[in-house]
Structure formats: C-alpha cells, structure tokens
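1. Build me a model from this:
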Amino acid sequence: MFNRFRSMPATAMAAVLGCALMTTATPAAAQKKEKPKKEEAAKGKGLSASKGFAPALKKMTDATGAKDAAALQAALAEGQTTATTPDDKYLVAFYQLQAGILGKDQALQGQGLDAMIDSGLTPPENVAVYNFYSGNFAYAAKNYAKAIQRLEAAKAAGSTEAALAPMLMDAYLNGGQIDKGWEIAKAGIDTARAAGAKPSEELYVRPAQAFQKANRTNEMLDVLTMRVQDYPTAATWRNTLYILLQQSGGDKELNLDILRLMRATNSMIQRPEYLEYAALATEAGFPGEVVAVIKQGQNSGAVPKNDSHFGSILESQGPRAATDAAAVAADAAKPATLANAKVARSVGDALVGNGDAAKAIPLYEAALKAAPGDNLAQFRLGVAQALAGQGDAAAASFAKVQGNRQRLAQLWTIRAKAGAAPAAAPAAAPATGS
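-> Next comes the predicted model:
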C-alpha cells in the first residue's frame, strides 16, 4: 500500500538547515573592525545587518545558540520591528526558521524558508536544500502547485535528496499532471534498471493509480506491464491479469487465454477463477485441460477436494479427456492436419491443453504457413514455445501479435523471458472477493 512521503522531522531539519543557515549571517559584532565590501555582499559572500537591527540580531543569535525558544521569540518580535534592509529581513526569516525548528512548528519553518528563498539573497550553495524543504512542507500540506515549484527549483539547483524525485512525481500526479508525474517515475525506473537495481514499487503503483482514476486504462496497463518485469509475484500478475479480464468485453476465447497466463504465473488463487477456467475450457472442448486445471486447484487448496461442483465436472470430463488425448495424438500425426490451418491450430490448442506444448509447435507453424495472417495461431505459437522453454523463440513470436491479444502477448513475453517451465501450484489463499 502506498504511503505519502513524510516531512523531515524537526531534529533532522535542525541538523541540515540550522548549521547551514548560520554560516550565511555576519552579525554586527563581527563587523566592528571591517565591514564587507558592497561588491562582496552582492556576490552573496555575506549579509550586513543595519545599525538599528544589530541589537536584535545579537539576541536572536544568542538565543538560537542557547536553544532558548522563548528568548528567540522575543528577539524575533524585536527584530521584525527594527529590520529595514533586505539583509535584515533575510536574517529575520532565518531566525523564524530556527524558531520553527526549536518549537517543532512546521508552518513557521516554512514561512522562514519561503521568505529567504523569495528574497533572492540565498547563497547559491543553499538554494537546493532550502527549496527542497520548502517543497517538502508544501507537499505535506497538499499544496501541490507550490510543492512542484519548490521541488523543481531544488532539482535545478542540483539537489541530491533521495526523496526529491518520488515526492515531485507524486506532487505532479496529485496535482493532475499525470503525464509529467509518469515521466519522472519512468526516468527513475530507467535509472535504477541501468544501475542493476530494482526500482521502487511506488514508481509503478502511484502512476498506475493515477491513470486508473483518470480512466486511462491503456496507460495504466503499460505501467502494470512494466511492474511485473521487476515484481513478478503472483499478486502483481493476478492484479494485472484481473484488469485484463475486466477489459475483455466478454470475449470467452480471450478470457480463456488470460486465465491460461494466470495459471502459468501461479496467480490463480481463488475458487471463482478455477470455476470460470473450467467452464470456458469445457465449452471450448478441451476436456484434458479442464481436468488438469481442476486438479491443480485441488492440489493448491484453492479448490476443496470435496467440492461437489468440481467433482461433477471431473466425473463428466475425466473419461472424455482420456478419449480426446488419444484422438488428438492421432490427428497430430496426420498430413491432412498440417495442410489445414484451422484444423492444425485446433489440434495444437488441444495438445497445449493436454500438457504437450512442444508437440503443438509444429502444428501452429503449419497453420501460419497455410494462413500467415492468422493472429490467433501466431499468439498460440508463442504460448506453446514459452511453455516448452523456448523463451527467445516465444518472444519473437509474441512480437508479431497484433489486435486484442497484443497486451497479453507482451505479458507472456515477460513470462517467457523469466523462464517458461510451469511452476508449482501456489499455496491456498483465503476465499475472499477479487
């Protein structure tokens, strides 16, 4: 589950901001012998306190050093009335930040940071960190427009904060700029992969949620397809394929193919999925596949062995499976089968359902030779190759798939490259709704 990025704790803020800011101010006491030259001040080498502001500045400096919050508040009140120059006002803002850190007052911290940033007097070496924390506070307050502005400024100034990119991504997503948010996420994914690391799962989850909320299903599935490459768990496979089932438009043959990939990725974990699979395979005339999938469900515990409904299916389909297996094997050896594209594909489908994927490959190849534009045969050839352990050949076949199975072909390609041999059935899961 996604968690919002949290603001930096006050103690960490003090460590990062307190010391850095202190070095920018030159109290009047330190200027008795020599004041900074105007040209040096213009270059940001120091700040000059006016004569009337100097007493309040010393009090603020002393109170901050002593971590005396009450004294600092009193000195701030005095300083706000005596600050007249831009430098004075910058220093007041700085000590507002210190007061916010001491009092763990994020709003006051933000006010101080904003005043310093907006003044134009921030030393170049501190621009990144000030903008990052200002953006951090704005993000926590759900002011996404401001968060984007500050975090982009921090990024432009060279910030190396690890939280910047994901926070900026999420600010764009929450601010309605989904494409920009995904652009940042995609860059993070590419960078992590290039470094041989696994990208954070939030780089997939948050954009996918945003695309889903915007009813941009294709983009959401693009993200989820990338996600299973890095997180090929049964849960992520099931989540992605379940969405495909919802988007199939009631196409029974397509639903059966989706369920076949669920089976191959061990993401069938509940009774209703086995029930739909068995019903579709029965209707399509694949008794061997029906028996195999029910037994897999029973072995995993997802289908109780005493389930009367599945028991009756096995009772009717079991004898047919044995007879069908012999007939399919005989048909596969007939030259006439190879000469007829439709028959060759049908026999190949039955062989795959019976667990003979390798034997189905030449039948699909024959079907494609007779009918090169048979998109279904092209897809099923890739499935047979994947299940037979021919990952590279499967990927090449899936790359040629067009139409309503193109997305499924992309997902099968991931499965094929990960290792095509069917894995053991998953452990039983609680029988809750999808």
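2. OK, contacts around Q378?
-> L368, S397, K400, V401 (CB atoms under 8 Å, 6 or more residues apart in numbering). Using the backbone N, CA and C atoms, a C-beta is placed for each residue, glycine as well.
3. quick check, distance from stretch 329-348 to the centre of its chain.
-> 44 Å (CA atoms, centre = their mean, to the nearest Å).
4. Need the contact partners of that stretch.
-> Counting by CB under 8 Å, 6+ apart, residues outside stretch 329-348 touching it are 328, 351, 359-364, 366-368, 370-371, 374, 376-377, 380-381, 384.
5. ok, of these, which come out buried?
-> Among the contacts of stretch 329-348, the ones that count as buried by 16 or more other CB atoms under 10 Å are 328, 351, 359-361, 363-364, 366-368, 370-371, 374, 376-377, 380-381, 384.
6. Just the ones of these in helices?
-> The members of those that map onto helices under DSSP state H are 328, 351, 359-361, 363-364, 366-368, 370, 376-377, 380-381, 384.
7. low-confidence ranges in the stretch 1-150 of the chain?
-> 1-45 (pLDDT under 70).
8. and with 90 instead?
-> 1-48, 100-107, 122-123, 125 (pLDDT under 90).
9. where are the low-confidence patches of the stretch 151-300 of the chain?
-> Ranges of the stretch 151-300 of the chain meeting pLDDT under 90: 162, 248-250.
10. Need the residue closest to the centroid of this protein.
-> Central residue of the chain (CA atoms, centre = their mean): Y204, 1.2 Å from the mean position.
11. Can you tell me the closest non-neighbouring residue to that one?
-> R227 (3.9 Å; CB to CB, 6 or more residues apart in numbering).
12. Cross-check the contact I'm expecting between that neighbour and P207.
-> No. Assessed by CB atoms under 8 Å, R227 is found out of contact with P207, at 9.7 Å.
13. So for these two, which residue has more residues nearby?
-> Set R227 next to P207 and count neighbours by other CB atoms under 10 Å: P207 wins out with 30 against 23.
14. mind listing the strands for the protein?
-> Using DSSP state E, the chain contains no strands.
15. Break it into its domains for me.
-> The chain is divided into the following domains under automatic domain parsing: 10-157, 232-418.
16. any idea how far the first one is from the chain center?
-> The reference is to domain 10-157. 37 Å.
17. And for stretch 313-327?
-> 44 Å.
18. Not counting its neighbours along the chain, what's nearest L256?
-> Here the residue nearest L256, using CB to CB, 6+ apart, is L280, at 4.4 Å.
19. for I313, same thing?
-> Per CB to CB, 6+ apart, closest to I313 is A278, 5.6 Å.
20. so who does the one you found touch?
-> Contacts of A278 (CB under 8 Å, 6+ apart): V290, V293, I294, F310, I313.
21. okay, those residues in TSV with neighbour count and distance to A192 next?
-> Listed next are those as TSV, based on neighbours: other CB atoms under 10 Å; distance: CB to CB, whole Å:
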residue	neighbour count	distance to A192
V290	27	43
V293	24	37
I294	23	41
F310	22	44
I313	21	46
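22. The residue nearest to the centre of the chain and T225 touch, don't they?
-> No. Y204 is not in contact with T225 according to CB under 8 Å; the separation is 9.7 Å.
23. The residue nearest to L256 and G403, how far apart?
-> According to CB to CB, to the nearest Å, L280 stands 19 Å off from G403.
24. Compare the two and say which is more crowded by neighbours.
-> Just comparing L280 and G403: by other CB under 10 Å the higher neighbour count belongs to L280, 21 against 12.
25. And stretch 82-98, what's buried?
-> Those would be 82-83, 87-98, for stretch 82-98 by 16+ other CB under 10 Å.
26. Okay, A302 and T84: tell me how far apart.
-> Counting by CB to CB - A302 and T84 are separated by 76 Å.
27. swap in I414?
-> I414 is 66 Å from T84, by CB to CB.
28. Same check on A278?
-> Taking CB to CB, one finds A278 at 83 Å from T84.
29. With K252 instead?
-> 80 Å.
30. got it, and Q317?
-> From Q317 to T84 the distance is 91 Å (CB to CB).
31. wait, S134 sits on Q111?
-> No. Applying CB under 8 Å as the test, S134 and Q111 come out as separate, 9.9 Å apart.
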